[in-house]
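Novice: only the shape, not the letters, is given here:
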């Protein structure tokens with residue numbers, strides 16, 4: 001919260017006129033006039049100057065009237081800031097971000113040429129002397145996308161990851177190499193998703209972000225599902241929620257609180273996210289309470305799980321309808337979207353990265369058992385603690401980075417938005433996919449994991465209740481995540 005002091009001067013005689021001249025538009029009753037006239041006079045130096053303290057939230061927070069429960073909106077704002085830093089560093093000063101121009105030689109894409117459908121911008125050709133060549137090309141923009149993040153140096157592990165599987169190295173080596181190779185792939189998948197969304201309107205862009213926002217977690221979960229390793233599916237998904245809800249949010253509060261004594265955010269969106277997570281927690285309780293014991297002929301666990309999964313997906317659809325249609329004005333940030341590469345390049349990059357992630361995730365999932373045996377780790381620990389790092393590492397860094405810049409609403413949008421997306425869309429979608437592929441994937445999690453999930457939601461809701469954060473609350477959430485990790489480390493694998 002910032003404070004701004006506004007000084008203004010009153011014209012001579014206005015003090016008296018405010019009480020005695022009705023034509024000035026101030027009509028007071030007799031009691032008010034007597035009260036004002038009987039007040040002791042102010043010192044002479046205060047007759048001429050009055051100070052007014054105006055309190056307002058930081059400009060970064062005021063972008064959103066409701067708060068950012070939409071991960072795609074928050075990530076778009078973060079990516080836009082990075083793109084502008086690229087333009088500034090490369091000296092492309094005449095580049096106009098507000099017009100969505102993409103320089104490709106003497107061709108550019110302009111938002112003013114968008115048809116009334118507003119889905120994809122059309123390309124216009126102009127004389128090369130209007131847009132200088134030194135403004136940058138799409139190829140240079142693509143290079144910047146791959147080199148802006150140092151974590152992309154891990155791309156060197158991709159050939160080793162493929163080679164290790166082809167030559168039947170140890171499962172431990174295969175797991176580690178594929179794990180390292182997938183971290184930058186997850187980063188670039190998010191980058192290409194945002195580039196694709198930047199060429200569309202808010203509705204289409206929101207749907208793209210909703211579909212591919214947690215694509216890595218979904219791909220890994222589907223690979224484990226098809227392999228029949230339902231425990232890894234459950235552990236990896238609920239572990240992703242724990243990671244975002246406790247570790248990411250806690251790190252944002254902790255590191256942001258080290259730089260600022262107290263940070264403020266819009267509580268309305270945060271409370272909505274917590275309510276949705278609590279709703280998913282109720283869905284996780286149903287199969288345990290009403291599904292039967294498993295060996296009973298009337299075991300309804302699968303049926304209850306599938307119906308609950310459908311309701312969760314419907315709720316997620318209603319959330320998107322709320323964000324993108326009926327209340328879109330509450331979630332609009334900066335309308336100036338910026339794309340560094342053409343639409344076709346972004347779409348091609350998204351497809352290629354997704355294909356590579358699918359292949360490497362198959363190698364990763366197939367080596368989990370051998371990795372656990374080689375390093376004496378439980379499969380639950382690998383799923384809950386280790387696998388979520390693959391899809392969330394870059395998002396974690398982005399969220400903490402914006403939190404340290406006092407943009408806590410964006411940090412909350414990444415942490416809570418990703419949690420909601422996994423709990424209401426990715427998790428139930430795996431149950432539906434298992435239903436249609438003949439796999440008995442259910443939402444019957446171990447009781448202690450559901451209890452930890454609900455307790456985490458309650459504790460986070462308490463930390464968010466006052467719309468302020470500090471480093472102590474951050475250390476609390478990080479410590480809670482460490483406690484869960486310790487417990488899961490000693491958990492006996494469930495067959």
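Specialist: Done, it's in. Computed from a predicted structure; not experimentally measured.
Novice: please make it C-alpha for all contacts and neighbour counts, starting now.
Specialist: Will do.
Novice: so what pLDDT did residue 105 get?
Specialist: On pLDDT, residue 105 comes in at 37.
Novice: which residues of the stretch 101-250 of the chain fall in strands?
Specialist: 107-109, 123-125 (DSSP state E, counting those that start in this stretch).
Novice: weakest of those by average pLDDT?
Specialist: Of all these, strand 123-125 has the smallest average pLDDT, which comes to a mean of 36.
Novice: pLDDT below threshold where in the stretch 351-495 of the chain?
Specialist: 492-495 (pLDDT under 70).
Novice: mind doing that once more with 90?
Specialist: The model of the stretch 351-495 of the chain has pLDDT under 90 over residues 378-380, 389-403, 405-418, 438-440, 447, 465-467, 490-495.
Novice: if I look at residue 314, what pLDDT would I see?
Specialist: For residue 314, pLDDT reads 95.
Novice: what's the answer for residue 24, then?
Specialist: 40.
Novice: likewise residue 47?
Specialist: 44.
Novice: in the stretch 201-350 of the chain, where is pLDDT below threshold?
Specialist: Looking at the stretch 201-350 of the chain by pLDDT under 90, you get 201-218, 227-229, 261, 264-273, 288-302, 319-347, 349-350.
Novice: please, where are all the helices along it?
Specialist: 202-212, 215-226, 230-242, 249-259, 267-290, 301-321, 343-366 (DSSP state H, counting those that start in this stretch).
Novice: of all these, which one comes closest to residue 473?
Specialist: Each of the helices of the stretch 201-350 of the chain has some distance to residue 473 by C-alpha to C-alpha; the shortest is helix 249-259, at 6.6 Å.
Novice: hang on, residue 476 packs against residue 250?
Specialist: Yes. Between residue 476 and residue 250 there is a contact under C-alpha atoms under 8 Å: 7.3 Å.
Novice: quick one, which of the two is more surrounded?
Specialist: residue 250 (30 against 20; other C-alpha atoms under 10 Å).
Novice: leaving out chain neighbours, which residue sits closest to that one?
Specialist: Excluding the flanking residues, the one nearest residue 250 by C-alpha to C-alpha, 6 or more residues apart in numbering is residue 474, at 4.0 Å.
Novice: that neighbour is in what secondary structure piece?
Specialist: Element membership of residue 474, judged by DSSP states H and E, is helix 471-489.
Novice: again with residue 430
Specialist: Using DSSP H and E, residue 430 falls in helix 427-436.
Novice: which residues touch the next helix or strand after that helix?
Specialist: Where DSSP H and E defines the elements, the next helix or strand beyond helix 427-436 is helix 447-464. Here helix 447-464 makes contact (C-alpha atoms under 8 Å, 6 or more residues apart in numbering) with 242, 245-246, 267, 270-271, 274, 277-278, 281, 284-285, 288, 469, 473, 477, 484.
Novice: what do you get for stretch 348-361?
Specialist: With C-alpha under 8 Å, 6+ apart as the criterion, stretch 348-361 contacts 161-162, 178, 182, 185-186, 188-189, 192-193, 216, 219-220, 223.
Novice: next: stretch 172-187.
Specialist: The contact list for stretch 172-187 (C-alpha under 8 Å, 6+ apart) reads 151-158, 160-162, 164-165, 216, 353, 357, 360-361, 363-365, 367-368, 370-372, 374-375, 389-395.
Novice: separate out the buried members of those residues.
Specialist: 151-152, 155, 157-158, 160-162, 164-165, 216, 353, 357, 360-361, 363-365, 367-368, 370-372, 389-395 (16 or more other C-alpha atoms under 10 Å).
Novice: distance check, residue 193 against residue 187.
Specialist: Distance, residue 193 to residue 187, using C-alpha to C-alpha, to the nearest Å: 10 Å.
Novice: more neighbours: these two, which one.
Specialist: residue 193 (25 against 22).
Novice: isn't that one up against residue 210?
Specialist: No. Residue 193 lies out of contact with residue 210 (C-alpha under 8 Å); the separation is 10.0 Å.
Novice: state the pLDDT value of residue 155.
Specialist: 92.
Novice: quick check: it vs residue 326, distance?
Specialist: 42 Å.
Novice: could you list the low-pLDDT ranges of the stretch 51-200 of the chain?
Specialist: Using pLDDT under 90, the stretch 51-200 of the chain drops low at 51-153, 186-200.
Novice: let's see it at 50
Specialist: Residues of the stretch 51-200 of the chain meeting the criterion pLDDT under 50: 51-64, 95-135.
Novice: of all the helices of the stretch 201-350 of the chain, which one is nearest residue 490?
Specialist: Nearest of the helices of the stretch 201-350 of the chain (C-alpha to C-alpha): helix 230-242, 14.5 Å.
Novice: residues in contact with that closest one?
Specialist: 217, 220-222, 224-225, 379-385, 387-388, 392, 418-420, 422-423, 426-427, 441, 443, 445, 453, 456, 481, 494.
Novice: one more time with 6 Å
Specialist: 221, 224, 380, 383, 384, 388, 419 (C-alpha atoms under 6 Å, 6 or more residues apart in numbering).
Novice: just those: which are in helices?
Specialist: Using DSSP state H to define helices, the subset of the contacts of helix 230-242 located there is 221, 224, 380, 388, 419.
Novice: now the residues you listed: which count as buried?
Specialist: 221, 224, 380, 388, 419.
Novice: could those go into TSV alongside distance to residue 449?
Specialist: Formatted as TSV, these follow (distance: C-alpha to C-alpha, whole Å):
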residue	distance to residue 449
221	18
224	19
380	11
388	16
419	16
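Novice: between these, which is nearest residue 433?
Specialist: Nearest to residue 433 among those, with distances taken as C-alpha to C-alpha, is residue 221, at 10.5 Å.
Novice: can you pull the contacts of the closest one?
Specialist: residue 233.
Novice: ok, back up a step: identify the farthest-apart pair in the ones in helices among the contacts of helix 230-242.
Specialist: Those two in the ones in helices among the contacts of helix 230-242 that are separated most widely, counting by C-alpha to C-alpha, are 224 and 419, at 20.2 Å.
Novice: biggest helix in this structure, by residue count?
Specialist: helix 171-198.
Novice: and that one with helix 215-226, angle?
Specialist: 130 degrees (axes from the mean of the first three to the mean of the last three C-alpha atoms, to 10 degrees).
Novice: could you check the angle helix 171-198 makes with helix 343-366?
Specialist: 160 degrees.
Novice: so who does residue 194 touch?
Specialist: The contact partners of residue 194, by C-alpha under 6 Å, 6+ apart, come to none.
Novice: now the helices of the stretch 201-350 of the chain in a markdown table, with distance to residue 172?
Specialist: Formatted as a markdown table, the helices of the stretch 201-350 of the chain follow (distance: least, C-alpha to C-alpha, whole Å):
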| stretch | distance to residue 172 |
| --- | --- |
| helix 202-212 | 29 |
| helix 215-226 | 17 |
| helix 230-242 | 17 |
| helix 249-259 | 30 |
| helix 267-290 | 33 |
| helix 301-321 | 34 |
| helix 343-366 | 10 |
